[in-house]
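Test case, fold it:
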Amino acid sequence: MQKNKTPVVIGVSSITQKGSYEDLDEALILMDMATKNAIKDCGNNDIKKYINEISIPKGYWKYRDPGKWIAENNNIKNIKTSITKVGVLQQNLINKAALKIQEGSINASLIIGGESRYKRVIASKLGKKYIETELNINPDEYIKSESELRLGEEEQVLGEMAVGYYSILESAYRASKKNSIKDHNKNIAELYEGFSKIAVNNKNSWVSEPLTNKDILEASNTNPKQSFPYNKFHCTSWNVNQSSALIICSEDIADKLNIAYEKRVYPLASSESNNMIPTLLRRKLIDPLGMKLAAKYILDFCKTYNIQPNSYDLYSCFPVAVQMFADALKLKDKQDLTVTGGMAFAGGPLNHYVMTSTVKMIEEIRNDISKVGIVTGVSGMMTKQSFALWAKKPLDKFYFKDVSLDANSHDKPLKISNQPNGKAIVIGYTVINDNKGPKAILYVEDLNNDRKILISRDNKYINDMEKNEWVGKKIDFNGRYLV
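I've put the predicted structure just below:
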């Protein structure tokens, strides 16, 4: 592999837009602004002549292909466009671009994400109609996941929102550490207090004031309960107006354009697990084999090349994700696990946060060339995981591994229980409120080691679940109900 085909990021941009309704733009304009800023950031407008593709993760918008519109608006010609739908790792867009650059099939790639849910929320509150530019031409390629992210049985009781699934994972994680509910809730509140302090020092953060662990721990009008043990401040904040863009090209193009050394940051290695097992059917709810293998690849890589990571942004849609990644990377000190401030505070746009965290990591490395960063990503309910290693000094090439086949050969989904009634052991649970009031949702394993979802509206049980650990508890069920 010739050094001149080494992939390198040369231009980045992140935008956070706040203010009144009149000050806010739709996602298309935000993505266009981020594109212009990333081109300006690289220092040579001629980079536009070398961009062969524009890749965009699908957001909460209806545009068919914003990439073509952005290309025309910025005089970027002869490009291919793609839209990657929810269910595909965001890191995968960066990995694909890096590999294509390395093999010589493209010169440069522009990767953009954008979201304007905040403007939608403000429009709804003001009784205004939210208007998007109509873009009705399809992209050159749609990229989507091969399988569904959840079971029908799960969606029936937990819905489509991720918070219920992750709160069940949190209960399993808490029990695995043998923490009391009170102590564990305090631990994650303290973790997120630290995140909020980092967020307020991030110029592109969504929040401007830090929170105390008490603010996060205690439910209130501004921090309502979501799904036990999570309140609002535990959860990703996706009602944001944010956009990010990065330009990655080959080293020889960077040399040809005289891109300043100070701008260049290199992806050294990345790993992905795309082994899709629905939450209910995982043998180990909080220790999936694919995640373990993907983390091992990066850790072994660092050992082989004598690399010592010293900066992290662990995907933070909910606290359990941060904790699982920290464990997978064998991080003992659970401090400073984010450079952005995390998705609850810096902002968690629907489908491009990994670009936001990557851009911030690149900026951190530019400011301190001794930094070596690891950025992690998730798709689904901790269904897929990614790890990416970034540094100022390149290696001989970009290294990549998809561990999905290895994981799939050893980690098979369990079966749904066909037992109409009987005994089972609780493996995870949560309590949510719906239009009928509080409802406990329990993942259980029957005596045949098959899985089942149970519900209960018995306040006696619900109150006990929020005080005393139910993971590991033996219970009786009849149909879909705890008895």
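
Surely Asp402 and Glu272 touch.
Yes - under the criterion of C-beta atoms under 8 Å, Asp402 makes contact with Glu272 at 5.0 Å. For every residue, glycine as well, the C-beta is placed using N, CA and C.

Just the endpoints, please. Distance across stretch 429-444?
9 Å (C-alpha to C-alpha, to the nearest Å).

Which positions in that stretch come out as buried?
Tyr429, Thr430, Val431, Ile432, Pro438, Lys439, Ala440, Ile441, Leu442, Tyr443, Val444 (16 or more other C-beta atoms under 10 Å).

any residues touching it, and which ones?
157-158, 164, 167-168, 170-171, 225-229, 279-280, 285, 424-428, 451-459, 461-462, 465-466, 470-471, 475, 477, 482 (C-beta atoms under 8 Å, 6 or more residues apart in numbering).

Take those and keep only those in strands.
If you go by DSSP state E, the contacts of stretch 429-444 have 225-227, 424-428, 451-456, 475, 477, 482 in strands.

for the protein, which helix is longest?
Using DSSP state H, we find that the single longest helix of the chain is helix 181-199.

In CSV, could you pull the C-alpha coordinates for the helix or strand following that one?
Once the chain leaves helix 181-199, the next helix or strand it forms, by DSSP states H and E, is helix 213-217. What follows is helix 213-217 as a C-alpha-only set of coordinates in CSV (Å, rounded to 0.1, in the frame of the first residue of the first chain):
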residue,chain,number,x,y,z
ASN,A,213,-26.0,14.7,40.1
LYS,A,214,-29.1,15.7,42.2
ASP,A,215,-30.6,17.5,39.2
ILE,A,216,-30.1,14.2,37.1
LEU,A,217,-31.1,11.8,39.9
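
And Asp402 and Glu272? Which one has more around it.
Between Asp402 and Glu272, counting by other C-beta atoms under 10 Å, Glu272 is the more crowded of the two (25 against 20).

Beta-bridge partners for the more buried one, please?
Per DSSP bridges, the residues bridged to Glu272 are Ser386, Asp402.

how close does it sit to Ser409?
Distance, Glu272 to Ser409, using C-beta to C-beta, to the nearest Å: 16 Å.

Need the residues that contact the helix or strand of the chain with the lowest mean pLDDT.
Using mean pLDDT, DSSP states H and E, helix 152-158 stands out as the lowest-scoring helix or strand of the chain, at a mean of 92. Outside helix 152-158, the residues that touch it by C-beta under 8 Å, 6+ apart are Arg150, Gly164, Tyr165, Pro278, Thr279, Leu280, Ile416, Ile432, Lys439, Ile441, Ile453, Ile455.

Can you turn the buried part of these into a PyMOL selection?
Under the burial definition 16+ other C-beta under 10 Å, those of the contacts of helix 152-158 that qualify are selected in PyMOL by:
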select buried, resi 150+164+165+278+279+280+432+439+441+453+455
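
Tell me which of the contacts of helix 152-158 has the lowest pLDDT.
Within those, pLDDT reaches its minimum at Arg150, with 86.

and that one, helix, strand or coil?
coil (DSSP: H, G, I helix; E, B strand; the rest coil).

Was I right to think it contacts Leu281?
No - taking C-beta under 8 Å as the definition, Arg150 is not a contact partner of Leu281, at 10.5 Å.

that older thread, give me the buried subset of the contacts of stretch 429-444.
157-158, 164, 167-168, 170-171, 225-229, 279-280, 285, 424, 426-428, 451-456, 461-462, 465-466, 470-471, 475, 477, 482.

all helices of this protein, in order?
With DSSP H as the criterion, the chain has helices spanning 27-42, 66-73, 91-103, 117-126, 152-158, 163-176, 181-199, 213-217, 251-256, 289-304, 319-328, 353-367, 404-410, 459-465.

closest to Val375 out of those?
Nearest of those to Val375, taken as C-beta to C-beta: helix 353-367 at 5.3 Å.

If we go by neighbour counts, what in that closest one is buried?
Result for helix 353-367 [16+ other C-beta under 10 Å]: buried residues 353-366.

Would you quantify the distance from Tyr63 to Lys144?
16 Å.

same question but for Ser14, I mixed them up
Taking C-beta to C-beta, one finds Ser14 at 26 Å from Lys144.

Might one say that Gln91 is in contact with Tyr353?
No - with contact defined as C-beta under 8 Å, Gln91 does not reach Tyr353; the gap is 10.8 Å.

Can you check which residues contact both of these two?
In contact with both Gln91 and Tyr353: Gly377, using C-beta under 8 Å, 6+ apart.

Return the distance of stretch 405-412 from the chain's centre.
In terms of C-alpha atoms, centre = their mean, to the nearest Å, the centre of stretch 405-412 is set 23 Å apart from its chain centre.
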